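*Asks:* here is a sequence together with a model predicted from it:
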Amino acid sequence: MTSGSFFYDFIQYLPQLLEGLKISLMITGLSLTIGVPVALFLAFGVTAKRKALRWFCVAVVEVGRGAPALVLLQLAYYGMPGAGITLPALTSAVLALSWTAAGYMAEYVRGGISAVPLGEIEACQAVGMKRPDTLRFVIIPQGLRIALPSLMGFAVMLFQATSLAYSVAVPELMSQAYSIGSSNFRYLNILIAAGVLYAAISIPSTWFSVLVEKRMNRHA
Amino acid sequence: MSEVLGPQQRGMTIPSQAITSSFPLDSPSAVLGAPKVQVSHLAKAYGDNLVLRDVSLEVPSGSVTAMIGPSGAGKSTLLRCMNLLERPDAGTIQIGEHLIDVAKGIAPKNLAALRRSTGMVFQTFNLFPHMTVLRNISLPQQRVLGRSSSEADEISHRLLSRMGLHDKAGQYPNRCSGGQQQRIAIARALALDPEVMLFDEPTSALDPEVGAEVLDVMKELASEGMTMVVVTHEMSFAANVSDQLVVMAEGRIIERGDPKDIMRNPQHERTRKFLHAVMER
Amino acid sequence: MNVEILFAVLTGLPLTILITLTALGIGTLLAIPLLFGLRSTNRTVWFISRCFVDICRGIPPIVWLFVLFFGVSVGSARLSAFAAGVIGLGLVASGYLAEIFRGAVKAVHAGQWEAAHALGFPATSTWSQVIGPQVLRTALPGFTTYAIALLKDSSIVSILGVAEMVFTTSQLARSSDLGIFVYAVAAAVYIGLSVPLGVLSRSLDVKLRKAVA
Ligand SMILES: Nc1ncnc2c1ncn2[C@@H]1O[C@H](COP(=O)(O)OP(=O)(O)O)[C@@H](O)[C@H]1O
Ligand SMILES: [Mg+2]
């Protein structure tokens, strides 16, 4: 291995890149932890009877899905101080991506819930189960199960989207790669190394979500 | 006709309790027990579509009523009004002691009571795919009747054995054949000790041989004195197991009485046409 | 004041649309051979296509953009930021679109293939007459959903300094103390574009469904 070759750079800078990867994964995990419960709430909220609640939820979902994650990220980091709120870069990244995640996942959960066969809900009614029981034992578990492959697929997208936190100076994988590149000017090597790390997580995770989807279709 | 009604068909025999020929057309309750189900002046419309037009029906306690008629006649709607899965626009429904008058509104308490006293079996089974067979049967008992899980499981196991499915308890429904799934659905309904069982084309989604397994279970249930209302296209079941045949067309009951009489000698042109079409198959 | 900000943000819109459409075009052109590659019975062809698709999708767009911008040179000239942006987004799009097309082909009922084979159609007319038109229909919802996602992803090109909408927005935000407001306007423009597009695609889907079914 000669100094300056791809493998040389890859090995030499791997620890620093892994530090970044850890932060990327942490942002993903935190955004999902916040996003999933919010998404579940929004999925029901967008069909709520109370108008104010319904419109609030629709607005939250549409902004989360309709605005680019990059805009939400920059809004949270560069925009909020003007409104008197200054957030650490990491916090603003987590909040922005949680919003994006909640918006998208609310749609997946809602899709899953509406795909629960009507007959099963009628079966609950026919045996005299109460609405909260029907939700708890049939609609929510079934809906989440149906939505699971899309949710897993989205988690991979979210992991990739953490690379956008580079633009608000969070020291995640992309930022680490860029700062290494700007110190040794071998951008290509180090960016490819970062790409390999992203792919090493994304590709198997995507396969896994496809596998889950196939299994579920087989048993459905 | 004999081809369809032949007693050997699908291994069926004429049950001894089937009441034949001299069945009084207008008052079946005179022969059998007091009415268990009494539906009066039921009306239901979807928009402009009048699906039920002033329908009245009595089902004597311990008897089997078969309901036939062309597609779209309103059979499912009538059945689903009986346990208020569908809300009628007018009329009264009485199941056992529970009386519901649509005009007076439906209190949640009465709705729950009515649902508890009826069991329903759907054409598409509607088992919960994410629960084991055992849990499918036990969970409603726990949540609706408040039985303990051990008590519920014991009852479920007993019912599964009766259905010849005791080895399926731990499996998931999609691992079971259609005939097995439908028998599990029957067990799920029976576990709640209903006074009346409602069946909406329980064998239409099944192959004939498999449907026969389900029909056997239903026959056995009938012979044990369960009050049953069955929408079906199985003419041999209607002829040999049911005590009362109801023919529906365009939202009305056009004929009602002894099954064999009606089949031999339909009074109504629509009935004749329908029977003819069914026999052709 | 508000209107001024809106107009300032909108100066980036033509480039945003140009980037989106160019990347979508590159992605679609690449996705069609990839579709056949993914369906190929030749293991080598299949494997290469599979890897290409997975790598395109497995690496975040921003990494593609930087690799192309900093790493690729044609002779002594580097790619322009715009070129790096649309090629990078186009590569990512090709992977996703190939999968969308593959799913759409799979969704065409097996009976359609059988009928075409039974009628003795040659492969070309099976595709052009029977399968293709149905695939166009079944792929439409996925395609438009992806196009809308691409509209938003085009914002990433701002990081390379291409003056599309987010670039103009952040310039503006930096020079005013109403940053949050400027970003909110940009977000509203994106939502204002993607919501009607979504509605349009759904109604088109319903229409086509009626026409085909
Ligand atoms: N949920 C519904 N909304 C609108 N129309 C319905 C609905 N359910 C049934 N119908 C209509 O009511 C009529 C009777 O339906 P149904 O009771 O299912 O008939 P059957 O079971 O005898 O075939 C049909 O014309 C059907 O289209
Ligand atoms: Mg029906």
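*Replies:* Received it, and whenever you're ready, just let me know what you need. Quantities reported herein were computed from a predicted structural model and do not represent experimental measurements. Ligands and ions are numbered 1, 2, ... in the order given.
*Asks:* what about the helix of greatest length in chain A, near chain C?
*Replies:* Taking DSSP state H as the criterion, chain A has its longest helix at helix A:6-45. No: applying CB under 8 Å from any CB of the partner chain, one finds helix A:6-45 separated from chain C by no less than 9.6 Å. The way it works is simple: take the backbone N, C-alpha and C, and place the C-beta from them, glycine included.
*Asks:* which SSE is immediately downstream of that helix?
*Replies:* Using DSSP states H and E, the helix or strand that follows helix A:6-45 towards the C-terminus is helix A:51-66.
*Asks:* and that following helix, what's buried?
*Replies:* The neighbour-count check on helix A:51-66 (16 or more other CB atoms under 10 Å in any protein chain shown) flags A:57, A:58, A:60, A:61, A:62, A:63, A:64, A:65, A:66 as buried.
*Asks:* let's have these in JSON lines, adding pLDDT and distance to ligand 1.
*Replies:* As requested, the buried residues of helix A:51-66 are exported to JSON lines (pLDDT from 0 to 100; distance: CB to the nearest ligand atom, whole Å):
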{"residue": "A:57", "pLDDT": "95", "distance to ligand 1": "27"}
{"residue": "A:58", "pLDDT": "94", "distance to ligand 1": "27"}
{"residue": "A:60", "pLDDT": "95", "distance to ligand 1": "32"}
{"residue": "A:61", "pLDDT": "94", "distance to ligand 1": "29"}
{"residue": "A:62", "pLDDT": "92", "distance to ligand 1": "30"}
{"residue": "A:63", "pLDDT": "94", "distance to ligand 1": "35"}
{"residue": "A:64", "pLDDT": "95", "distance to ligand 1": "34"}
{"residue": "A:65", "pLDDT": "92", "distance to ligand 1": "32"}
{"residue": "A:66", "pLDDT": "93", "distance to ligand 1": "34"}
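*Asks:* contacts only, for the nearest residue to residue C:92 once chain neighbours are set aside.
*Replies:* Nearest residue to residue C:92 in three dimensions, chain neighbours excluded: residue C:61, at 5.1 Å (CB to CB, 6 or more residues apart in numbering or on different chains). Taking CB atoms under 8 Å, 6 or more residues apart in numbering or on different chains as the contact definition, residue C:61 lies against A:160, C:88, C:89, C:92, C:153, C:156.
*Asks:* which of those sits closest to ligand 1?
*Replies:* Closest to ligand 1 out of the contacts of residue C:61 is residue C:153 (42.0 Å), distances taken as CB to the nearest ligand atom.
*Asks:* wait, that closest one sits on residue A:68?
*Replies:* Yes: between residue C:153 and residue A:68 there is a contact under CB atoms under 8 Å: 7.2 Å.
*Asks:* three-state assignment of the residue most central in space within chain A?
*Replies:* Nearest to the mean C-alpha position of chain A, counting by CA atoms, centre = their mean, stands residue A:158 at 3.3 Å. Here residue A:158 is recorded as helix under DSSP: H, G, I helix; E, B strand; the rest coil.
*Asks:* wait, what's in contact with it?
*Replies:* A:28, A:31, A:32, A:35, A:97, A:100, A:101.
*Asks:* and it, how far from residue A:133?
*Replies:* Going from residue A:158 to residue A:133 by CB to CB, to the nearest Å gives 33 Å.
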